[in-house]
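S.K.: when you get a sec, could you give me coordinates for this:
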Amino acid sequence: MTLSELLSGVTVTKMFQTMYGKMVTTHDVEISGVQYDSRKIQRENLFVALKGVGVDGHTFLSLAIANGAKVIVIEDDHAIPDSLCMHTGTVKIVVSNTRKALAQISANYYGRPASKMIMIGVTGTNGKTTTTFLIKQMIESVSNTKVGLIGTVEYAIGNEKFPATHTTPESLEMQQLFDQMVKKGCTHCVMEVSSHALHQYRAFGISFKAAVFSNLTQDHLDYHGTMQAYFNAKKILFDGLGDDAIAVTNFDSEYGEKIVEGCKATVISYSVNNQSSVKANNVTVSVNGFSATINNETVTTGLVGRFNLYNFLGAYSTVKGLGLQVPISIYANLIPAPGRFEQIHSPKGWTAIVDYAHTPDALENCLQTIHDVLPVDRTNTIITIFGAGGDRDITKRPKMGVIAERLSDVIIVTSDNPRTEDPMKIINDVLQGISDKKKNIVEADRRKAIAKGIGMANSGDIILVAGKGHEDYQVIGKEKIHFSDKEEVLKFVIMN
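M.R.: The predicted structure follows:
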């Protein structure tokens with residue numbers, strides 16, 4: 001592909017393309033590939049230097065050129081002198097934002113595959129993963145459809161599944177995934193769009209036909225700094241919608257109306273408590289799922305908990321808004337994402353619930369759901385095992401402690417991806433929110449903590465193992481070690 005084709009739509013502020021006094025036109029420069037990692041550069045590649053939180057790609061320009069880069073795309077014109085580019089025969093392109101440029105160049109390189117599918121983006125603090133899973137299942141119940149999925153748990157092309165590296169991958173990998181989806185016949189793509197991805201322009205230039213907002217509660221403040229900045233990042237998705245798109249939003253969230261302010265798209269609101277376009281009435285929730293009347297349609301599903309009712313409403317509103325006729329029978333067979341309120345029943349009568357909840361709101365939703373399905377005069381003990389991630393927002397840690405104390409009978413505070421932080425320091429931050437120390441047990445070793453919780457459980461008791469859900473690893477220091485909450489629980493089921 002020629003350089004001029006790759007630069008279509010990219011605003012270039014400077015291009016230095018003089019090689020020993022000879023001017024080279026962009027039409028003559030053939031590019032063999034695009035990279036933003038200098039270690040992966042091959043001959044005749046184009047290298048885009050990204051400024052990351054910890055690493056600046058501009059410091060690797062000489063390495064990229066040495067490895068064979070034919071073109072470098074940079075923000076900082078002074079990062080490498082024109083003379084070096086001239087003597088190495090390298091085209092130097094300066095842009096105002098290399099992340100935007102990477103998104104545009106990547107899309108051009110793969111032939112703008114997103115424009116060949118109906119694109120659906122889901123954002124919010126909690127519920128993104130399950131909402132995308134539900135949307136995929138609903139759309140695929142309609143004939144002549146095939147759906148690609150990008151999210152926290154996995155990437156999927158129809159029934160093919162691949163391990164997920166990021167909730168929303170970098171734009172180059174994302175465009176490569178879109179290209180594979182198109183080549184394998186996908187008509188739709190549904191994806192989680194994280195606040196990091198929006199802030200870092202990974203989804204820049206994608207024309208979404210539908211955007212879904214689930215909710216906004218405290219998370220990622222270690223990155224965004226404030227709730228307003230976190231909200232502003234989420235709003236980018238909606239501000240970019242065209243007038244031929246739909247904006248689906250939760251009106252029971254305090255941010256539900258704000259997120260669509262100034263939006264050009266057709267707004268479709270959903271709720272349980274407030275007036276909205278799509279309204280759930282006559283809701284009943286049980287251990288077997290929920291039923292509700294939604295805009296005069298009676299819906300029954302096996303999805304457990306009110307939080308899953310909201311996930312369902314977001315998905316339901318989206319497919320209806322896209323004009324798809326989903327058979328009502330499909331709702332009873334919907335499956336949530338792995339590691340989301342996943343129940344494991346023991347022959348001894350206790351039940352363990354494995355969930356990804358790692359924010360105050362998500363933890364509260366899980367525990368409240370357990371209370372909702374248990375009798376008011378219960379004798380069951382609720383044992384909650386959880387921790388908080390290291391190198392992340394520390395202000396949410398005591399808040400999670402407060403919630404766990406209020407809604408649990410026994411609390412076991414443990415490690416959850418401590419990363420480079422001292423696990424006991426993280427645990428002590430959580431303990432600041434727990435006033436009744438008699439309810440609390442500290443066990444930094446997560447394997448031992450799960451064993452301890454199960455060891456004290458009797459028939460009818462509920463053990464919530466929160467924080468990791470589908471994850472099959474622990475990050476300790478900078479090392480990723482295999483560890484699965486589900487596997488640890490199942491050991492005790494098999495033993496008995």
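S.K.: and the most centrally placed residue in the chain, how far from residue 137?
M.R.: A centroid search over the chain (Cα atoms, centre = their mean) returns residue 167, at 3.7 Å, as the residue closest to the centre. From residue 167 over to residue 137 the distance is 19 Å, taken as Cβ to Cβ, to the nearest Å. Yep, even glycine has a C-beta here, placed from its N, CA and C like the rest.
S.K.: try residue 403
M.R.: 31 Å.
S.K.: between those two, who's got more neighbours?
M.R.: When neighbours are counted by other Cβ atoms under 10 Å, residue 403 comes out ahead of the other of residue 403 and residue 137, with 25 against 19.
S.K.: please identify the helix or strand for that one.
M.R.: helix 396-407 (DSSP states H and E).
S.K.: after that helix comes which helix or strand?
M.R.: Secondary structure here is assigned by DSSP H and E; on that basis, the next helix or strand after helix 396-407 toward the C-terminus is strand 410-413.
S.K.: now do that next one, average pLDDT.
M.R.: Strand 410-413 shows a mean pLDDT of 98 in the predicted model.
S.K.: given it, what are its sheet partners and their directions?
M.R.: When pairing is defined by DSSP bridges, strand 410-413 lines up against strand 382-386 (parallel), strand 440-442 (parallel).
S.K.: after the shortest one, next one along is what?
M.R.: Where DSSP H and E defines the elements, the next helix or strand beyond strand 440-442 is helix 446-455.
S.K.: quick one: the strands in the stretch 51-200 of the chain, in order.
M.R.: With strands called from DSSP state E, counting those that start in this stretch, the stretch 51-200 of the chain shows them at 69-74, 91-95, 118-123, 147-150, 154-157, 160-163, 188-192.
S.K.: mind checking which of those strands is nearest residue 480?
M.R.: Distances from residue 480 to each of these were compared using Cβ to Cβ; the minimum, 12.4 Å, belongs to strand 160-163.
S.K.: the closest one: partners in the sheet, and parallel or antiparallel?
M.R.: Checking strand 160-163 against DSSP bridges gives partners strand 154-157 (antiparallel).
S.K.: before we move on, back to that, ok, the residue nearest to the centre of the chain - contacts?
M.R.: For residue 167, the residues meeting the contact criterion (Cβ atoms under 8 Å, 6 or more residues apart in numbering) are 128, 151-152, 192, 194, 196-197.
S.K.: check residue 270 too.
M.R.: With contact set as Cβ under 8 Å, 6+ apart, residue 270 has these partners: 248-251, 276-280, 310, 313-314, 316-317.
S.K.: at 10 Å instead, please
M.R.: If you count contacts by Cβ atoms under 10 Å, 6 or more residues apart in numbering, residue 270 has them with 212-213, 248-252, 256, 276-280, 294-295, 309-310, 312-318, 320.
S.K.: same thing with residue 226?
M.R.: By Cβ under 10 Å, 6+ apart, the residues touching residue 226 are residue 232.
S.K.: any chance of a ChimeraX selection covering the buried ones in the contacts of residue 270?
M.R.: Listed next is the ChimeraX selection for buried residues among the contacts of residue 270, using 16 or more other Cβ atoms under 10 Å:
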select :212,213,248,249,250,251,252,256,276,277,278,279,280,294,309,310,312,313,314,315,316,317,318,320
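S.K.: now, which of the contacts of residue 270 lie within strands?
M.R.: In strands, defined here by DSSP state E, the members of the contacts of residue 270 are 212-213, 248-250, 278-280, 294.
S.K.: and the residues you listed as TSV, adding pLDDT and distance to residue 37?
M.R.: Compiled in TSV, the ones in strands among the contacts of residue 270 are given as follows (pLDDT from 0 to 100; distance: Cβ to Cβ, whole Å):
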residue	pLDDT	distance to residue 37
212	98	32
213	98	33
248	98	35
249	98	37
250	98	37
278	98	43
279	97	48
280	98	46
294	97	46
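S.K.: of those residues, closest to residue 54?
M.R.: Distance ranking of the ones in strands among the contacts of residue 270 against residue 54, using Cβ to Cβ, places residue 213 first at 29.7 Å.
S.K.: ok, the closest residue to residue 101 other than its chain neighbours - how many residues close by?
M.R.: Nearest-residue entry for residue 101: residue 95, 4.5 Å, with adjacent residues in sequence omitted and distances by Cβ to Cβ, 6 or more residues apart in numbering. The local packing count at residue 95 equals 22, with neighbours defined by other Cβ under 10 Å.
S.K.: where are the low-confidence patches of the stretch 351-496 of the chain?
M.R.: In the predicted model, the stretch 351-496 of the chain carries pLDDT under 70 at residues 496.
S.K.: so which residues of it form helices?
M.R.: 360-373, 396-407, 423-431, 446-455, 485-495 (DSSP state H, counting those that start in this stretch).
S.K.: these: which one's closest to residue 264?
M.R.: Taking the helices of the stretch 351-496 of the chain one by one with Cβ to Cβ, helix 360-373 is closest: 29.5 Å.
S.K.: which secondary structure elements does that closest one contact?
M.R.: Helices and strands touching helix 360-373, as assessed by 3 or more Cβ pairs under 10 Å, 6 or more residues apart in numbering; DSSP states H and E, comprise strand 278-286, helix 306-321, strand 351-355, strand 382-386, helix 396-407, strand 462-466.
S.K.: now the longest one - C-alpha only, CSV.
M.R.: Spelled out, that is helix 306-321. Taking C-alpha atoms only, helix 306-321 is exported to CSV below (Å, rounded to 0.1, in the frame of the first residue of the first chain):
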residue,chain,number,x,y,z
ARG,A,306,-31.7,-6.5,39.1
PHE,A,307,-28.4,-5.5,37.7
ASN,A,308,-28.9,-8.1,34.9
LEU,A,309,-32.4,-6.6,34.3
TYR,A,310,-30.6,-3.3,33.4
ASN,A,311,-28.1,-5.2,31.2
PHE,A,312,-31.0,-6.9,29.5
LEU,A,313,-32.8,-3.5,29.0
GLY,A,314,-29.8,-2.0,27.4
ALA,A,315,-29.4,-4.9,25.0
TYR,A,316,-33.2,-5.1,24.3
SER,A,317,-33.4,-1.4,23.6
THR,A,318,-30.5,-1.6,21.2
VAL,A,319,-31.8,-4.4,19.0
LYS,A,320,-35.3,-2.9,19.0
GLY,A,321,-33.8,0.5,18.1
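S.K.: tilt between that helix and helix 360-373?
M.R.: Here helix 306-321 runs at an angle of 100 degrees relative to helix 360-373 (axes from the mean of the first three to the mean of the last three Cα atoms, to 10 degrees).
S.K.: and helix 306-321, how far out from the chain middle?
M.R.: Centre-to-centre, helix 306-321 and its host chain are 17 Å apart (Cα atoms, centre = their mean, to the nearest Å).
S.K.: so after that helix, what's the next helix or strand?
M.R.: With DSSP H and E, the next secondary element past helix 306-321 is strand 342-345.
S.K.: partner strands of that following strand, parallel or antiparallel?
M.R.: So strand 342-345, judged by DSSP bridges, has these partners: strand 351-355 (antiparallel).
S.K.: relative to strand 462-466, how tilted is the partner strand?
M.R.: In this structure, strand 351-355 runs at an angle of 20 degrees to strand 462-466, with the same axes, to 10 degrees as the basis.
S.K.: output strand 351-355 as CSV - backbone C-alpha positions only.
M.R.: In CSV, the C-alpha atoms belonging to strand 351-355 read as follows (Å, rounded to 0.1, in the frame of the first residue of the first chain):
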residue,chain,number,x,y,z
THR,A,351,-23.5,-22.1,46.9
ALA,A,352,-20.5,-20.1,45.7
ILE,A,353,-20.9,-17.1,43.4
VAL,A,354,-17.9,-16.0,41.3
ASP,A,355,-18.2,-12.5,40.0
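S.K.: how about that strand: buried residues?
M.R.: Buried residues in strand 351-355, counting neighbours by 16+ other Cβ under 10 Å, are found at 351-355.
S.K.: next one: stretch 291-309
M.R.: Neighbour-count burial for stretch 291-309 flags 291-292, 294, 299, 301, 303-309 (criterion: 16+ other Cβ under 10 Å).
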